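Student: sequence isn't available, so here's the structure alone:
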């Protein structure tokens with residue numbers, strides 16, 4: 001798993017936990033629905049930290065809560 005997949009999985013998980021559609025999250029986050037669709041379909045190569053922060057704001061969670069998922073803890077260091 002890479003960082004992109006971890007972000008994708010986390011967004012899907014959080015939407016499911018709130019029973020929100022991806023479109024609803026896009027609206028609450030103030031990001032284009034196309035951007036959200038690209039993230040959850042794995043087509044976004046690098047969802048930026050500003051986009052992730054907006055997603056967190058829409059979900060009313062902190063960045064720390066977003067990145068606390070096990071998928072992020074399991075990532076290998078990309079630069080050695």
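Tutor: That came through, no problem. All figures in this text were calculated on a predicted structure; none of them were measured in a lab. Numbering: from 1, shown residues only.

Student: residue 21 contacts residue 15, doesn't it?
Tutor: Yes: proximity of residue 21 to residue 15 meets the contact threshold set by CB atoms under 8 Å, at 7.1 Å. C-beta coordinates here come from the backbone N, C-alpha and C atoms, glycine included.

Student: between those two, who's got more neighbours?
Tutor: Higher neighbour count among residue 21 and residue 15: residue 15, with 19 against 12, using other CB atoms under 10 Å.

Student: and the pLDDT at that one?
Tutor: As predicted, residue 15 sits at a pLDDT of 97.

Student: pLDDT weak spots in this structure?
Tutor: Applying pLDDT under 70 to the chain flags residues 78-80.

Student: tell me where it has helices.
Tutor: With DSSP state H as the criterion, the chain has helices at 3-18, 22-29, 33-40, 49-59, 63-66, 70-73.

Student: roughly how far out does the second one sit from the chain middle?
Tutor: Just to be clear, that refers to helix 22-29. With CA atoms, centre = their mean, to the nearest Å as the basis, helix 22-29 stands 12 Å off its chain's centre.

Student: what residues does that helix touch?
Tutor: 11, 14-15, 20, 32-33, 35-37, 40, 54-55, 57-59 (CB atoms under 8 Å, 6 or more residues apart in numbering).

Student: out of the residues you listed, which end up buried?
Tutor: 11, 14-15, 20, 35-36, 40, 54-55, 58-59 (16 or more other CB atoms under 10 Å).

Student: redo the residues you listed as JSON lines? Include distance to residue 68.
Tutor: Listed next are the buried ones among the contacts of helix 22-29 as JSON lines, based on distance: CB to CB, whole Å:
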{"residue": "11", "distance to residue 68": "14"}
{"residue": "14", "distance to residue 68": "11"}
{"residue": "15", "distance to residue 68": "17"}
{"residue": "20", "distance to residue 68": "19"}
{"residue": "35", "distance to residue 68": "23"}
{"residue": "36", "distance to residue 68": "21"}
{"residue": "40", "distance to residue 68": "20"}
{"residue": "54", "distance to residue 68": "18"}
{"residue": "55", "distance to residue 68": "14"}
{"residue": "58", "distance to residue 68": "17"}
{"residue": "59", "distance to residue 68": "13"}
